[in-house]
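[1] A predicted structure for the sequence below; I have some questions about it.
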Number of protein chains: 2
Amino acid sequence: MLGRTYDSEVCSIARSLEVIGERWTLLIIRNALFADVTRFGDFQRRLGIATNVLTARLDGLVAAGVMERSHTASSAEYLLTEKGRDLSGVLVALTDWGDRWAAPDGPPIIYRHGACEGAVHSGLTCDRCGARPDAVTASPGPGMPEERWMSGRQ
Amino acid sequence: MLGRTYDSEVCSIARSLEVIGERWTLLIIRNALFADVTRFGDFQRRLGIATNVLTARLDGLVAAGVMERSHTASSAEYLLTEKGRDLSGVLVALTDWGDRWAAPDGPPIIYRHGACEGAVHSGLTCDRCGARPDAVTASPGPGMPEERWMSGRQ
């Protein structure tokens, strides 16, 4: 999206940032996911951003398959796809970090489990032992070319 | 950092993005956290970015308290603070999403639990019932001014 590419990176963080790392993009997704916003005018009113910027971001999200445009009788709606809804983990992880480190008045928003109203947080889990790991190491997976890993340029 | 502000937002996602949402910033933190990179020249070699951009990003991370600069006999080192290390959850959440939606050859990197070598993933958990919630709703917390919430402009 808009020149925000990390072409030389073989990395799922870099690939994710190419799709959702543009200014305003994650806040658009936040409003779609947690405030059920679907219409251009509602995104604009809530975010207070310029029309041309919002147009570019929504077009980019549709092109990336994160949202889809649905034309109704009165206006277009922008709806998150499964790929877009799957960003809830990223948004809650960002919220948790911001709540801990950049929320002097306490959390502005609390996420709750629809079924039981309990607070929802993001965390890491080890698939094998089930622990919340304190130390995490990175090793190459099937998508990493061997020569890249050996060169140390990941 | 560098004009990347969302001043009118009362939101921990927006506050987080002000610190870590700049181009390259999360990839710098990734290299510090998972590849133990500390020196300017090593960040530059691995990321292949311009000196002036890297200088600006590292200075911004130090100013934000995410890294600290440590001068040794030979050169400066950039070390993550506790605030910086606490970004591991955000980075793994971004990785998991990228692995699912933007890694046609499979995950380039697999995170492993230092103690048992099991794969580590990010996920949401309900504090009350312990379930992995499928539906999450947002409600105002102590840091949300009431008039803001009522106006619908979060």
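    Now that the structure is in, tell me what you want to look at.
[2] do you know how far residue A:95 is from residue B:9?
    Distance, residue A:95 to residue B:9, using C-beta to C-beta, to the nearest Å: 12 Å. Backbone N, C-alpha and C define where each C-beta goes, glycine included.
[3] Compare those two and say which is more crowded by neighbours.
    residue A:95 (30 against 21; other C-beta atoms under 10 Å in any protein chain shown).
[4] I am assuming that one contacts residue B:13, so please confirm or correct that.
    Yes: contact criterion C-beta atoms under 8 Å: residue A:95 and residue B:13 qualify, at 5.5 Å.
[5] which secondary element of chain A has the worst mean pLDDT?
    helix A:146-151 (a mean of 78; mean pLDDT, DSSP states H and E).
[6] who's in contact with whichever strand or helix holds residue A:60?
    If you go by DSSP states H and E, residue A:60 is part of helix A:51-63. Applying C-beta atoms under 8 Å, 6 or more residues apart in numbering or on different chains, the contact partners of helix A:51-63 are A:1-2, A:22-25, A:28-29, A:40, A:43-44, A:47, A:67-69, A:78, A:84.
[7] now with 6 Å?
    Identification of contacts with helix A:51-63 by C-beta atoms under 6 Å, 6 or more residues apart in numbering or on different chains yields A:1, A:24, A:25, A:28, A:43, A:44, A:67, A:69, A:78.
[8] for stretch A:36-46, same thing?
    Taking C-beta under 6 Å, 6+ apart as the rule, stretch A:36-46 contacts A:28, A:31, A:54, A:75, A:77, A:78, B:153.
[9] now stretch A:72-84
    A:32, A:38, A:39, A:58, A:65, A:66, A:67, A:68, A:69, A:70, B:101.
[10] and these, which of them are in strands?
    A:67, A:68, A:69, A:70 (DSSP state E).
[11] Buried among the residues you listed? Make that a PyMOL selection.
    A single PyMOL command selects the buried members of those (16 or more other C-beta atoms under 10 Å in any protein chain shown):
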select buried, chain A and resi 67
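[12] of the ones in strands among the contacts of stretch A:72-84, closest to chain B?
    residue A:67 (13.4 Å; C-beta to the nearest C-beta).
[13] Leaving out sequence neighbours, find the closest residue to that closest one.
    residue A:61 (4.3 Å; C-beta to C-beta, 6 or more residues apart in numbering or on different chains).
[14] Which pLDDT value goes with the one you found?
    pLDDT for residue A:61: 98.
[15] gap between it and chain B?
    Remark: distance between residue A:61 and chain B (C-beta to the nearest C-beta, to the nearest Å) = 13 Å.
[16] With residue A:101 instead?
    From residue A:101 to chain B the distance is 5 Å (C-beta to the nearest C-beta).
[17] For that residue, grab the count of nearby residues.
    Residues near residue A:101, counting by other C-beta under 10 Å: 21.
[18] tell me the phi and psi of the nearest residue to it once chain neighbours are set aside?
    Nearest residue to residue A:101 in three dimensions, chain neighbours excluded: residue B:83, at 5.2 Å (C-beta to C-beta, 6+ apart). Per-residue torsions, residue B:83: phi -60, psi -40 (degrees, to the nearest 10).
[19] for the one 3 residues further on, same thing?
    Torsion angles at residue B:86 (phi, psi; degrees, to the nearest 10) stand at phi -70, psi -10.
[20] Can you report how many residues lie near it?
    Neighbours around residue B:86, by other C-beta under 10 Å: 16.
[21] Grab the longest strand from chain A for me.
    Under DSSP E, chain A gives strand A:120-126 as its longest strand.
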